[in-house]
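Visitor: no sequence for this one, just the structure:
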């Protein structure tokens, strides 16, 4: 039977969609802002476009392609989005320094947007699905960096992160194939906690495990273990 990922994961987090759509709309936003700043009707496109230099036009075109790449969860889209954000920040800061009054507000807004994009997409939990060679969803449950010794089917391993929904352990044996069910044992002062889990991803450093069918008491014990470390 084909293994089905059952963890609660967002295919595209809300902020990813916001940034992706925002990049696609940047040419439209710039056009409207330029028309408003010059007090021109929107259909005066020839006059409005004269105010955009080749660098600005290039950045606007790149932003559309980068936005599409981000929404399609493409590696090239991630890199292009970062490049576009850096280029946009540098260009708009130059505009602000030159004190072109009718561009100042839109340049400031786009600079904040670009910096926010950089901060968001360089986060490990957001960048990982773009940079991994195998398909991976976006993590919904935040995991806490926790290094404790556990047992997986009786074999000792070290965790690198842990939450009520799963963990990442290193090193793992080759038999830990994606979809393999196992038993995870976590020990604390009150005894040993046995949890059903399944392998949901693998890489060169170890494997990620998702817990299955945890009851309230088990979740409470996990919280105490995480807080105690």
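Guide: Alright, I've got the coordinates. Bear in mind that the values here come from a model prediction, so they are computed numbers and not experimental data. Numbers count the residues shown, from 1 in each chain.
Visitor: check which helix or strand covers the residue nearest the centre of the chain.
Guide: The C-alpha lying nearest the average C-alpha coordinate of the chain belongs to residue 126 (Cα atoms, centre = their mean; 1.5 Å). For residue 126, the host element (DSSP states H and E) is helix 124-131.
Visitor: For this structure, which strand extends over the most residues?
Guide: Longest strand in the chain, counting residues (DSSP state E): strand 191-203.
Visitor: Next one: the residue nearest to the residue nearest to the centre of the chain when sequence neighbours are not counted relative to residue 15, how far apart?
Guide: Distance criterion Cβ to Cβ, 6 or more residues apart in numbering; nearest residue to residue 126, sequence neighbours excluded, is residue 120 at 6.2 Å. All C-beta atoms are positioned from the backbone trio N, CA, C, and that covers glycine. As defined by Cβ to Cβ, to the nearest Å, residue 120 lies at a distance of 6 Å from residue 15.
Visitor: Neighbour count: those two, which is higher?
Guide: residue 120 (17 against 14; other Cβ atoms under 10 Å).
Visitor: Return the residues in contact with that one.
Guide: Neighbouring residues of residue 120 by Cβ atoms under 8 Å, 6 or more residues apart in numbering: 15-16, 19, 126.
Visitor: next one: residue 130
Guide: Counting by Cβ under 8 Å, 6+ apart, residue 130 has contacts 73-75, 77-78, 121.
Visitor: Is the residue nearest to residue 228 when sequence neighbours are not counted bridged to anything, and to what?
Guide: Closest residue in space to residue 228, ignoring its immediate chain neighbours: residue 188 at 7.1 Å, by Cβ to Cβ, 6+ apart. Per DSSP bridges, the residues bridged to residue 188 are residue 191.
Visitor: and residue 188, how many neighbours?
Guide: Neighbour number of residue 188 under other Cβ under 10 Å is 14.
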